[in-house]
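1. Using only what follows, build the 3D model:
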Amino acid sequence: MNIRDPERLLSGLDPEQRAVATSLSGPLCVLAGAGTGKTRAITHRIAHGIHTGAFDSQRVLAVTFTTRAAGEMRTRLAGLGAPGVQARTFHSAALRQLRFFWPQVYGGELPVLVESKLGLIAEAARACRLPQRVEQGDLKDLAAEVEWSKVSNVRPDDYASVAARRGRTLASFDEDTVARVFAAYEQTKRDRGRIDMEDVLLCTAAMLADEARVAAQVRQQYRWFVVDEFQDVSPIQQALLDLWLGDRDEICVVGDPAQTIYSFAGASADHLTGFRRRHPDADVVRLVRNYRSTPQVLEAANGLLRAAREVGERAALQAQRDAGPPVEFVEHSDEVDEAESVAAAILEARAAGVQLRDMAVLFRINAQSEAFEEALSARSIPYVLRGGERFFARPEVRKAVTLLRGAARAVADGQHSDTDLVDEVTGVISGLGWTTEPPGGGGSARTQWESLDALRGVAADLATASPDAGLAAFVAEMDRRAAAQHAPVADGVTLASMHAAKGLEWSLVFVAGVHEGTMPIVYADTPAAVDEERRLLYVAVTRARDRLRVSWSRARTPGARASRKPSRFLDGVRPPVDSDDAAPRRTRTSPKRGGARVSRCRVCDRPLADGAERKVGRCTSCPPTYDEQLFERLRTWRSEQAANEKVPAYCVFTDATLTAIAEERPDDPEALVRIPGIGRVKIEKYADEVLRICGSA
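-> Next comes the predicted model:
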């Protein structure tokens with residue numbers, strides 16, 4: 001085919017794609033659903049404009065968000081006979097202009113661009129004399145807030161008030177502290193003669209706004225603009241784009257409001273959905289013919305968005321492929337069963353001829369990867385973890401395993417332990433920041449909590465399978481899993497968070513963990529946040545070409561209380577399942593003779609999930625029934641005792657044990673010893689003091 005023949009160039013396009021490719025003047029907005037060929041449409045538009053003489057290839061700037069996408073666009077344009085077009089990310093285009101004009105405008109070379117903010121953020125945190133130790137994860141959270149502020153045009157002085165209005169919360173820092181670190185970071189950066197990636201955008205915009213000569217030269221260089229993934233544009237990127245355009249309107253934007261999943265990083269679909277307000281004469285073309293997925297996959301995807309409050313100007317995707325197998329919606333008893341089932345299905349698919357690289361398991365949070373890493377490793381199925389560290393490579397997991405290994409050696413050396421396995425592990429991870437309730441909001445504190453909580457789940461699994469297992473067995477199990485999961489792979493199943501999966505596709509996709517509390521995530525506490533969670537699930541579902549399985553589990557660990565429900569987003573999309581009609585049992589089990597462990601919650605009467613819940617006699621989700629003043633007195637005593645013994649506080653009693661004491665209020669040693677986690681050794685050491693505190697309450 002002669003690609004320079006405009007008509008033959010357009011021959012392979014559908015009617016809507018052709019409308020995009022032939023709309024060569026004035027503003028154009030392309031609302032392109034998932035899998036509808038948007039890159040094909042806009043690259044053909046650019047090539048068609050060049051081959052007809054409407055565009056000058058040297059004066060076209062195509063902007064996207066990742067270097068991978070920019071590279072793909074350049075490759076396609078070269079194949080269409082338009083190799084001279086600039087296809088860049090926002091940052092790359094701005095940095096090129098800044099490096100060229102900085103010496104002319106300000107004199108000297110452009111300040112050094114920092115590769116990572118973390119060193120300067122750490123220096124700023126030290127300058128602010130923060131009361132707590134700032135861990136690596138905290139530095140990443142602070143860096144993310146600085147990035148959000150700068151791309152959203154929020155100054156340090158305004159951060160606290162704006163963050164409060166936007167509901168931006170970090171578990172480790174309040175708004176005023178973040179604002180102080182932000183201001184100190186900016187000062188430190190200036191003192192060191194450095195700029196960051198956000199400064200590249202800000203300085204380029206400032207230079208274009210202040211220097212008419214520079215703005216005129218840039219506008220002379222670029223006349224026609226194409227912006228892909230326009231739903232992900234931030235305020236500063238929109239401002240820069242306006243400065244590139246000036247008073248012209250030769251712009252084509254492409255995006256999908258239903259795939260807006262980066263609002264937390266400053267992106268706003270308002271720039272896309274409000275394009276006609278900024279450009280009243282703009283043409284709007286909707287791409288709705290989906291070439292990626294089967295009709296069955298698209299039926300599920302369209303169903304997800306029917307109940308959404310708003311998804312912009314979007315029509316339902318229309319399948320262009322032949323029918324495929326039905327979408328599977330599978331309910332499992334627990335997360336272990338879910339992971340085992342997925343791994344078994346992957347083996348079946350491989351036997352049927354599907355390549356491992358063409359399969360993916362997607363989940364909401366990275367901590368969910370551990371169960372799937374274990375299930376795949378147990379079957380020698382190679383996998384690649386995308387967008388995150390393997391479970392046993394995460395710093396908080398490595399630190400916890402190291403401490404547990406030390407505790408196991410202490411027991412082996414003859415130090416007595418009368419605490420069950422789950423409580424032993426709980427005690428160690430409590431010292432690393434794990435609590436019975438997760439921290440509020442997102443950020444690294446939440447991520448670390450999820451990883452530590454996953455370790456606790458492994459301990460609960462092992463205790464269920466082997467009731468006599470101790471710390472040595474647990475550490476051996478950790479070593480076995482780590483060795484299997486760290487095996488190098490050249491090709492394998494993709495494990496990825498839903499965010500990391502955007503822009504990718506596979507033949508067979510497993511979307512796992514789709515239950516309430518995870519999808520939507522529990523800290524999505526506003527209508528806008530819940531809407532974004534729905535869009536995130538939509539993105540995950542539309543990654544599948546041929547087969548899709550959506551699954552969830554009713555409990556976290558085997559034998560735990562089956563209280564989970566499938567995500568509300570699946571209402572009207574999935575068929576009925578057993579949990580829809582399940583009601584909690586209200587029959588009470590009589591306690592064992594001698595006052596053994598409580599087996600049902602004292603508040604809601606549901607079965608208790610693990611040792612920590614049995615210890616306090618209630619579910620972790622139910623409100624406490626203890627005297628808070630007594631609990632605080634017990635904690636104060638424990639701290640003093642631990643200081644005297646020069647041991648961590650959990651070695652005296654764990655938080656769960658203190659809670660159980662405050663719940664039971666024992667009045668004699670026999671009542672005290674009936675509390676799980678308190679054996680004869682601790683009775684001899686601590687009974688008198690504990691009973692004295694309880695008796696005086």
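2. doesn't residue 82 fall inside a helix?
-> No - Residue 82 is assigned coil when assessed by DSSP: H, G, I helix; E, B strand; the rest coil, not a helix.
3. number of nearby residues for it?
-> Applying other Cβ atoms under 10 Å, we find 23 residues neighbouring residue 82. Just so you know, the C-beta spots here come from the backbone N, C-alpha and C atoms, and that holds for glycine as well.
4. Quick check: closest non-adjacent residue to it.
-> Sequence neighbours aside, residue 47 is the residue nearest to residue 82 in space, at 4.4 Å (criterion: Cβ to Cβ, 6 or more residues apart in numbering).
5. so what does whichever strand or helix holds that neighbour touch, helix or strand wise?
-> Assigned by DSSP states H and E, residue 47 belongs to helix 38-51. Judged by 3 or more Cβ pairs under 8 Å, 6 or more residues apart in numbering; DSSP states H and E, helix 38-51 is in contact with helix 6-10, helix 15-22, strand 28-32, strand 60-64, helix 67-79, strand 224-227, strand 251-255.
6. domain parsing for this protein?
-> 6-95+202-287, 115-195, 318-389+489-579, 393-482, 594-697 (automatic domain parsing).
7. For residue 104, find the nearest of those domains.
-> Nearest to residue 104 among the domains of the chain is domain 6-95+202-287; the distance by Cβ to Cβ comes to 7.7 Å.
8. Now do the same contact list for the residue nearest to residue 223 when sequence neighbours are not counted.
-> Distance criterion Cβ to Cβ, 6+ apart; nearest residue to residue 223, sequence neighbours excluded, is residue 59 at 4.6 Å. Residues in contact with residue 59 (Cβ atoms under 8 Å, 6 or more residues apart in numbering) are 221, 222, 223, 224.
9. Any stretches of the stretch 1-150 of the chain with poor pLDDT?
-> Within the stretch 1-150 of the chain, the segments meeting pLDDT under 70 span 1-4, 132.
10. Determine the angle, from 0 to 180 degrees, between the helix holding residue 47 and strand 60-64.
-> With axes from the mean of the first three to the mean of the last three Cα atoms, to 10 degrees applied, the angle from helix 38-51 to strand 60-64 works out at 170 degrees.
11. got the CA positions of helix 38-51 in CSV?
-> The C-alpha trace of helix 38-51 is given here as CSV (Å, rounded to 0.1, in the frame of the first residue of the first chain):
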residue,chain,number,x,y,z
LYS,A,38,-7.4,5.8,19.8
THR,A,39,-3.7,5.7,19.0
ARG,A,40,-4.5,4.3,15.6
ALA,A,41,-6.9,7.2,15.0
ILE,A,42,-4.7,10.0,16.1
THR,A,43,-1.5,8.7,14.4
HIS,A,44,-3.5,8.4,11.1
ARG,A,45,-4.8,11.9,11.7
ILE,A,46,-1.3,13.3,12.0
ALA,A,47,-0.1,11.3,9.0
HIS,A,48,-3.1,12.2,6.9
GLY,A,49,-2.6,15.9,7.7
ILE,A,50,1.1,15.7,6.7
HIS,A,51,0.4,13.8,3.4
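12. So what touches that helix?
-> The contact list for helix 38-51, computed with Cβ under 8 Å, 6+ apart, reads 3-6, 9-10, 13, 16-17, 20-24, 30, 32, 54-57, 60, 62, 69, 72-73, 76-77, 80-82, 85, 224, 226, 228, 252, 254, 287.
13. Please check the residues you listed and keep the buried ones.
-> For the contacts of helix 38-51, burial is judged from neighbour counts taken by 16 or more other Cβ atoms under 10 Å, and it is met by 6, 9-10, 13, 16-17, 20-24, 30, 32, 55, 57, 60, 62, 69, 72-73, 76-77, 80, 82, 85, 224, 226, 228, 252, 254, 287.
14. ok, how many other residues are close to the residue nearest to residue 82?
-> Each residue near residue 47 was counted by other Cβ under 10 Å, and the total is 26.
15. For the longest helix anywhere in the chain, which residues meet the burial criterion?
-> Of all segments of type helix in the chain, defined using DSSP state H, the longest is helix 444-465. Neighbour counts over helix 444-465 (16+ other Cβ under 10 Å) mark 444-464 as buried.
16. go on, stretch 93-109?
-> Going by neighbour count (16+ other Cβ under 10 Å), the buried part of stretch 93-109 is 93, 94, 95, 97, 98, 101, 102.
17. residues making contact with that stretch?
-> Against stretch 93-109 from outside (Cβ under 8 Å, 6+ apart): 61, 63, 86, 88, 110, 113, 200-201, 203-204, 207, 211, 214, 217-218, 240.
18. Check the offset of it from the chain's centre.
-> Relative to its chain's centre, stretch 93-109 lies at 36 Å (Cα atoms, centre = their mean, to the nearest Å).
19. Stretch 345-354 too?
-> 28 Å.
20. Same check on stretch 220-234?
-> With Cα atoms, centre = their mean, you get 27 Å for stretch 220-234.
21. Can you get me the start-to-end distance on that stretch?
-> The first residue of stretch 220-234 is 25 Å away from its last residue (Cα to Cα, to the nearest Å).
22. Top of the contacts of stretch 93-109 by number of neighbours, please.
-> In terms of neighbours by other Cβ under 10 Å, these top out with residue 63 at 29 neighbours.
23. What's the first helix or strand after the helix or strand harbouring residue 92?
-> Secondary structure from DSSP H and E places residue 92 in helix 90-106. Counting by DSSP H and E, the next helix or strand C-terminal to helix 90-106 is strand 112-113.
24. For the stretch 201-350 of the chain, which residues score under the pLDDT cut-off?
-> Along the stretch 201-350 of the chain, segments meeting pLDDT under 70 span 309-315.
25. What segments of it are helices?
-> Using DSSP state H, counting those that start in this stretch, the helices of the stretch 201-350 of the chain run over 212-221, 235-245, 270-273, 275-278, 295-306, 335-351.
26. Verify the stated contact: residue 434 with residue 451.
-> No - Residue 434 sits out of contact with residue 451 when judged by Cβ atoms under 8 Å, with a separation of 9.3 Å.
27. related to what we said a few turns ago, out of the helices of the stretch 201-350 of the chain, which comes closest to residue 542?
-> Nearest to residue 542, of the helices of the stretch 201-350 of the chain and by Cβ to Cβ, is helix 295-306 at 5.0 Å.
28. buried residues in that closest one?
-> Those would be 296, 297, 298, 299, 300, 301, 302, 303, 304, 305, for helix 295-306 by 16+ other Cβ under 10 Å.
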